[in-house]
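Engineer: Compute the structure for the input listed below.
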Amino acid sequence: MSIINNNLSTSNTTMLTVPAATRYAIISIISCNISVSTASLTLYIIPSGQSASNRNLILKDVNIQASDTFTLNAERIVLDAGDSIVAVASADPALNLTISYLEV
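Structural biologist: Numbering: from 1, shown residues only. Got it, this is the predicted structure:
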C-alpha cells in the first residue's frame with residue numbers, strides 16, 4: 001500500500017496521477033482540517049485527457065469543522081493510466097489530504 005499527502009490550496013491541487021501502464025485502487029481518501037475555522041473540500045476524479053469539471057466532480061463543498069477529519073472509504077475506486085485526483089480547499093492552508101492506494 002502507498003500513501004500520498006499534501007496541504008490543499010484554494011486552487012486545484014493534483015494529488016495523484018496514475019503513471020503509464022499502471023492501475024491504482026484507491027483505498028481511502030482522508031482530509032483533516034488543521035485550521036480553527038470550518039473549511040470545505042471539493043474533489044475530482046478525472047479520467048485521462050480530461051480536466052476538472054462538473055462531470056468528474058465527486059465531492060462538492062463538503063464542510064469539515066475545525067480540527068475534524070472527513071474520510072471517504074466506502075467504495076474502492078480503480079484508476080487507469082493517466083487518471084488523476086484533484087482537490088481544492090475553501091481556505092489556504094486549512095485542509096490536508098491523504099490518499100491511500102494499491103497498484104493493481
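
Engineer: What is the subsequent helix or strand relative to the helix or strand harbouring Ile58?
Structural biologist: In the assignment (DSSP states H and E), Ile58 maps to strand 57-64. Remark: after strand 57-64, the chain's next helix or strand is strand 69-72, criterion DSSP H and E.

Engineer: helices or strands up against that following strand?
Structural biologist: strand 24-33, strand 57-64 (3 or more C-beta pairs under 8 Å, 6 or more residues apart in numbering; DSSP states H and E). C-beta coordinates here come from the backbone N, C-alpha and C atoms, glycine included.

Engineer: circling back: against which helices or strands is the strand holding Ile58 packed?
Structural biologist: Counting contacts by 3+ C-beta pairs under 8 Å, 6+ apart, strand 57-64 is packed against strand 24-33, strand 39-46, strand 69-72.

Engineer: Nearest to Tyr101, out of these?
Structural biologist: Tyr101 sits nearest to strand 24-33 of all those, at 4.5 Å, using C-beta to C-beta.

Engineer: what sits against the closest residue to Ile64 other than its chain neighbours?
Structural biologist: The shortest distance from Ile64 to any non-neighbouring residue, by C-beta to C-beta, 6 or more residues apart in numbering, is to Asn33 (4.3 Å). Listed by C-beta atoms under 8 Å, 6 or more residues apart in numbering, the contact set of Asn33 reads 39, 64-69, 94-95.

Engineer: coming back round to it: just say which of the helices and strands packed on strand 57-64 is most tucked in.
Structural biologist: strand 39-46 (a mean of 21; mean count of other C-beta atoms under 10 Å).
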